[in-house]
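>>> Sequence and computational prediction follow.
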Amino acid sequence: MNRFFEGLVVMMVTAGMTGFAGLCLGADPGSWSYAGNTGPTKWDKLSKEFASCGKGTLQSPIDIPDKDVRKGDLPALLFNYKPSPLRVIDDGHTIQVNYAADSWVTVNSKRYELVSIEFHKPGEHKVSGKGHEMEADLVHKSQDGKFLVIAVPLDSGAENPFVKAVLGNLPASKGKEQAANAVSVYALDLLPKDKGYYMYTGSLSVPPCTEGVLWYVLKTPASVSADQMARFGRVYPMNARPTQPRNDRDIIGTP
């Protein structure tokens, strides 16, 4: 299903006039996993294309040391998200939503289109050793091919309408996108009111672990109900890469 393109494994899925551009950020689902002989500690040995998973120095996710973060007056993330018809795929590693075209975030006057949203359990990023129950990663791509991911920590609380729609329309089989034409989702429903963030340069958190990805990790978690957590966990009880060495990377954050 996936292929390598300019060193990054992507699959662009178009759906006629609906304007979808789903982005699958992983290699062949059968070639790697989150445990055992094909788990994270073995990724770099599974294929020469996965070498960055072991040799890279800017890998993600990380444990962000809040006391060492350089804080200042940073630009706000300017969201221009629109509702999207629901397109869901279980790619063998996570549940992913392929988002309709014409939604984006602007950072420092540069526009990054929202292309997909994927979920991890537990949350992949930590702050000063503290993790979260889940994480939603909103994957964006600029016109010049650069990637920006907004990581939204998710903790137990109120039911989340976005997650409710996704869980209510899970595909019956892996590797095939399911369209729920009558269901609309809105990416803003995944975001907390406070959008303060940590920013660092990292990598894809799945093979081939390509580096040069801008990560914006939100400081405030959004809520997902305990039942929603449990339902996702029945499909993927654990699909998170362990945190990787920081290697003295500069991390900046909002006050």
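Sure thing, it's come through.
>>> rest of the way, CA atoms for contacts and neighbours
Fine.
>>> What lies in contact with stretch 232-240?
Defining contact as C-alpha atoms under 8 Å, 6 or more residues apart in numbering, one finds that stretch 232-240 is touched by 34, 93, 94, 120, 121, 122, 123, 124, 167.
>>> CA-only coordinates of stretch 215-230, as PDB, when you get a sec.
C-alpha atoms of stretch 215-230 as PDB (Å, rounded to 0.1, in the frame of the first residue of the first chain):
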ATOM      1  CA  TRP A 215       6.900  19.100  16.100                       C
ATOM      2  CA  TYR A 216       4.500  21.300  18.000                       C
ATOM      3  CA  VAL A 217       3.500  19.500  21.200                       C
ATOM      4  CA  LEU A 218       0.600  21.200  22.900                       C
ATOM      5  CA  LYS A 219       1.000  21.800  26.600                       C
ATOM      6  CA  THR A 220      -2.600  21.300  27.600                       C
ATOM      7  CA  PRO A 221      -4.400  17.900  27.100                       C
ATOM      8  CA  ALA A 222      -7.700  17.500  25.400                       C
ATOM      9  CA  SER A 223     -10.300  15.100  26.800                       C
ATOM     10  CA  VAL A 224     -11.500  11.700  25.700                       C
ATOM     11  CA  SER A 225     -13.900   9.600  27.700                       C
ATOM     12  CA  ALA A 226     -12.700   6.500  29.600                       C
ATOM     13  CA  ASP A 227     -15.000   4.500  27.400                       C
ATOM     14  CA  GLN A 228     -13.500   5.900  24.200                       C
ATOM     15  CA  MET A 229     -10.000   5.200  25.600                       C
ATOM     16  CA  ALA A 230     -11.000   1.600  26.300                       C
END
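>>> before we move on, the earlier item: let me have the contacts of stretch 232-240 in a markdown table, extended by distance to residue 204 and secondary structure.
Listed next are the contacts of stretch 232-240 as a markdown table, based on distance: C-alpha to C-alpha, whole Å; DSSP: H, G, I helix; E, B strand; the rest coil:
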| residue | distance to residue 204 | secondary structure |
| --- | --- | --- |
| 34 | 15 | coil |
| 93 | 14 | coil |
| 94 | 14 | coil |
| 120 | 13 | strand |
| 121 | 16 | coil |
| 122 | 17 | coil |
| 123 | 15 | coil |
| 124 | 12 | coil |
| 167 | 25 | helix |
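>>> Just send those back as a markdown table, with distance to residue 238, neighbour count and pLDDT too.
Output for the contacts of stretch 232-240, formatted as a markdown table (distance: C-alpha to C-alpha, whole Å; neighbours: other C-alpha atoms under 10 Å; pLDDT from 0 to 100):
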| residue | distance to residue 238 | neighbour count | pLDDT |
| --- | --- | --- | --- |
| 34 | 7 | 18 | 98 |
| 93 | 9 | 23 | 96 |
| 94 | 10 | 19 | 97 |
| 120 | 8 | 25 | 98 |
| 121 | 5 | 21 | 98 |
| 122 | 6 | 23 | 98 |
| 123 | 10 | 25 | 98 |
| 124 | 10 | 26 | 98 |
| 167 | 17 | 15 | 97 |
